[in-house]
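Novice: Got a predicted structure here, sequence first:
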Amino acid sequence: MPDHIKPVPDPEPQKPRRRWPLYLLAVLVVLALLAAFLLTKTHVLDGLKRSLRYLGKSSDDYGSVSYETLGNTAYGQLNGGLGVATGSSVTLFSEEGKQLGSEQHAMTAPVICTGQDRLLCYDAGGNYLTVLDKSGSAVFSQTPEQTIFDADLSSGGYSAMLTAGDSGRSLLQVYDPNGSLLYKRSTKSHYLSACAVSPDGSHAAAVALGQADITFSASLQLYRTDSEEIAAECLAMTRPEAFRILHFSVFRIPSFPCRSPTTHD
């Protein structure tokens, strides 16, 4: 071979590409999708919470509760005990599983609300409401002629009941801790669909549904229980927004987040 001609070196063999990062990423994506499905579509998360809560505790630390299930069932915790409402009764059990008290009444869709030392049970769409104290005794009961839309129990023992009205579209009533009527409001121009009462019973609130031209709208109204006037109102709200403020913030912030009804936004 002539000196001016140099041999071409053989090409170096290509190193095989490492595909394990792609495989690892695919596995992580599948695991994330599986975890999201289990946590949102099943009771795995609830079971995990219970397992951690009861970790290290024996079965002797808890009592068992037995009750007859009939129709829909609602539950509520009160001072470590358990309130159970079925299609035929509402019963309060102690932390040890002992039955403290029970009220018998037929209910189609029972709902339970609990306060500091009270348990309120009502039949949504029915005609029965009762309030039990921590001993299981009935403080008072109501069987209105009109359908119950909603009810609420404050931490101070005040309760509110929202029903269809006799001469109007809706009727809101507020009761003191002894069951005496404290406030009553009837509406004729709009419907009330949900209610709440403040811890001291000085204020009540409700979601009002009305119509302007061809548009349906929801507003949140605040009332003083010693006055017939609307204290404040939030207009131009969607129904989910009104429900969110009513049930999560209206009586848990320093002031009502709306202006007076004479200065609408």
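Specialist: Cool, got the structure. Numbering: from 1, shown residues only.
Novice: got the domain boundaries for this protein?
Specialist: 20-48, 144-265 (automatic domain parsing).
Novice: now the helices: where do they sit in the stretch 51-200 of the chain?
Specialist: Ranges of helices in the stretch 51-200 of the chain, per DSSP state H, counting those that start in this stretch: none exist.
Novice: Could you point out which of the domains of the chain sits nearest Gly76?
Specialist: Closest approach to Gly76 among the domains of the chain (C-beta to C-beta): domain 144-265, 9.7 Å. The way it works is simple: take the backbone N, C-alpha and C, and place the C-beta from them, glycine included.
Novice: could you give me the average pLDDT of that closest one?
Specialist: Average pLDDT, domain 144-265: 80.
Novice: again with stretch 93-100
Specialist: The model assigns stretch 93-100 a mean pLDDT of 89.
Novice: and it, which residues are buried?
Specialist: Phe93, Ser94, Leu100 (16 or more other C-beta atoms under 10 Å).
Novice: any low-confidence regions in the stretch 1-150 of the chain?
Specialist: Residues of the stretch 1-150 of the chain meeting the criterion pLDDT under 70: 1-18, 38-63, 67.
Novice: if we can go back for a sec, got JSON lines for the buried residues of stretch 93-100, with distance to Asn79 too?
Specialist: Converted to JSON lines, the buried residues of stretch 93-100 look like this (distance: C-beta to C-beta, whole Å):
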{"residue": "Phe93", "distance to Asn79": "11"}
{"residue": "Ser94", "distance to Asn79": "9"}
{"residue": "Leu100", "distance to Asn79": "10"}
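Novice: Give the burial count for the closest residue to Ser141 other than its chain neighbours, as a bare number.
Specialist: In space, Ser141 comes closest to Thr130 once its chain neighbours are excluded; the distance is 4.1 Å by C-beta to C-beta, 6 or more residues apart in numbering. Burial of Thr130 is recorded as 20 neighbouring residues (other C-beta atoms under 10 Å).
Novice: now do Ser137
Specialist: Count around Ser137 with other C-beta under 10 Å applied: 12.
Novice: Surely it touches Leu92?
Specialist: No: counting by C-beta atoms under 8 Å, Leu92 is not a contact partner of Ser137; they are 9.1 Å apart.
Novice: Which neighbours do the two have in common?
Specialist: Common neighbours of Ser137 and Leu92, counting by C-beta atoms under 8 Å, 6 or more residues apart in numbering, are Gly101.
Novice: I'd like to know which of the domains of the chain is closest to Val84.
Specialist: Short answer: domain 144-265, nearest of the domains of the chain by C-beta to C-beta, at 16.6 Å.
Novice: What is the distance between that closest one and the centre of its chain?
Specialist: Relative to the mean C-alpha coordinate of its chain, domain 144-265 is positioned 17 Å out (C-alpha atoms, centre = their mean, to the nearest Å).
Novice: Also stretch 97-107?
Specialist: Worked out by C-alpha atoms, centre = their mean, stretch 97-107 lies 23 Å from the chain centre.
Novice: got the CA positions of that stretch in PDB?
Specialist: What follows is stretch 97-107, C-alpha atoms only, in PDB (Å, rounded to 0.1, in the frame of the first residue of the first chain):
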ATOM      1  CA  GLY A  97     -72.400   1.400  71.800                       C
ATOM      2  CA  LYS A  98     -75.100   1.800  74.400                       C
ATOM      3  CA  GLN A  99     -78.400   3.100  73.100                       C
ATOM      4  CA  LEU A 100     -79.100   6.500  74.800                       C
ATOM      5  CA  GLY A 101     -82.400   7.400  73.200                       C
ATOM      6  CA  SER A 102     -84.600   6.900  70.100                       C
ATOM      7  CA  GLU A 103     -87.400   8.600  68.400                       C
ATOM      8  CA  GLN A 104     -89.700   6.500  66.100                       C
ATOM      9  CA  HIS A 105     -91.000   8.100  62.900                       C
ATOM     10  CA  ALA A 106     -91.200   7.100  59.300                       C
ATOM     11  CA  MET A 107     -88.700   8.900  57.000                       C
END
